[in-house]
Every structure is written in structure tokens, then in C-alpha cells.
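1. just to be clear, the model below is a prediction. Sequence and coordinates:
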Amino acid sequence: MRFFSFDSTLSSEEIKHRCLYLLETEEHSPWNIFKEYTSARRGLHLYQTDEDFVGYFESGERNRQHSLQRIKIWIKVKIKEKNGKVTVKGYTYSNPIILLAILSGAISMIFAKDFLALGLLLAIAFIFLFSSLKDEDNAITDIENRIAK
């Protein structure tokens with residue numbers, strides 16, 4: 001999970017207008033890892049929620065069956081305007097189901113005192129989390145390039 005915040009010279013309405021070009025019509029949720037992604041456009045795919053945006057970053061990577069990868073980096077974007085100054089804040093996060101599985105596995109291994117299995121699980125968790133850093137950087141850079149002018 002990475003947090004970001006930056007100022008923009010654009011108004012909040014201009015930022016929302018720019019985000020409209022990134023809206024996705026294909027319904028997805030970070031809680032459903034079994035649904036197939038078909039929109040192969042690289043970059044951010046956003047959904048509007050009230051005054052904020054939530055979405056995912058599509059890297060374009062495909063699996064062995066040539067389908068798009070199902071584990072995405074999700075992003076939450078909040079636009080705040082205060083005293084004429086517009087600030088864009090948000091955070092990125094990986095698939096919450098996998099993170100909960102890793103956490104519950106670690107907790108159960110601690111109580112079972114199986115430290116070898118715990119070490120293996122933590123190694124897999126670190127590989128999973130560090131492999132997503134590149135996509136998190138790309139998602140943050142993409143949102144900054146589009147609306148931080």
C-alpha cells in the first residue's frame with residue numbers, strides 16, 4: 001500500500017473532467033478475483049464513486065492462456081479543494097483477498113509455532129508485495145501526469 005498526495009493547478013472540475021476519459025464500463029471489484037478482465041487498455045481504469053474515483057491499473061500483462069492478469073493494483077483517488085487550492089490524495093493497494101489469506105496464514109502459523117512454514121509464507125508474501133511495487137509506481141505516475149499540471 002502506498003499513499004500519495006500532490007497539488008494541482010487545475011480546478012476540481014477540470015480534474016474530474018480529465019478522469020472521465022479513464023472511466024471503465026466493465027464492472028470489477030478488488031474482492032472478486034475470478035472475474036475475467038477484457039479491457040486491455042494500458043493504464044488506469046476508473047469508476048466514479050460520489051466525488052471520488054476508485055479503479056485499477058492495467059499493465060497489459062497476460063497469463064499462459066493469453067488472458068489478462070486478474071490480480072490488479074487498485075487505486076483510490078480523492079480530490080479536495082480548500083481555499084482555492086486543489087489537492088489530490090489517494091492510495092494504492094493490492095488485492096485484499098490475497099492479503100487477508102497471507103495474514104490469516106501467518107497468524108495461524110504463529111499460534112501453531114511452525115516457524116519454518118511461517119518463514120516460507122513471509123518469503124512468498126514479500127515476493128508478492130514487492131512485485132507489485134512497479135505497478136504501484138506506474139499507477140501513481142499515470143495519475144500525476146494526467147492531473148498534476
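-> Thanks, I have the structure now. Numbering: from 1, shown residues only.

2. is the residue nearest the centre of the chain in a bridge, and if so with what?
-> Geometric centre of the chain, nearest residue: Trp74, 1.8 Å, by Cα atoms, centre = their mean. Beta bridges link Trp74 to Tyr56, Tyr93, judged by DSSP bridges.

3. wait, it touches Thr92, no?
-> Yes: if you go by Cβ atoms under 8 Å, Trp74 and Thr92 touch, sitting 6.8 Å apart. The C-beta positions use only the backbone N, C-alpha and C, and glycine is treated the same way.

4. shared neighbours, these two?
-> The overlap between the contact sets of Trp74 and Thr92 (Cβ atoms under 8 Å, 6 or more residues apart in numbering) consists of Phe57.

5. so which residues make contact with stretch 119-139?
-> 2, 44, 57, 59, 72-73, 75, 92, 94, 98, 102, 105-106, 109.

6. which parts of that stretch are buried?
-> For stretch 119-139, a neighbour-count test (16 or more other Cβ atoms under 10 Å) marks Leu121, Ala125, Ser132, Asp135, Glu136, Asn138, Ala139 as buried.

7. A strand includes the second one, no?
-> No: according to DSSP: H, G, I helix; E, B strand; the rest coil, the state of Ala125 is helix, so it is not within a strand.

8. so for it, what's the pLDDT?
-> As predicted, Ala125 sits at a pLDDT of 73.

9. count of neighbours near the nearest residue to Glu61 once chain neighbours are set aside?
-> Closest residue in space to Glu61, ignoring its immediate chain neighbours: Gln69 at 5.0 Å, by Cβ to Cβ, 6 or more residues apart in numbering. For Gln69, the neighbour count with other Cβ atoms under 10 Å is 13.

10. contacting residues around Gln69?
-> So Gln69 contacts Tyr37, Ser59, Glu61, Arg62, Asn63 (Cβ under 8 Å, 6+ apart).

11. let's verify the first one: helix, strand, or coil?
-> Secondary structure for Tyr37, judged by three-state DSSP, is coil.

12. doesn't Glu24 make contact with it?
-> No: contact between Tyr37 and Glu24 fails when scored by Cβ under 8 Å: they sit 9.7 Å apart.
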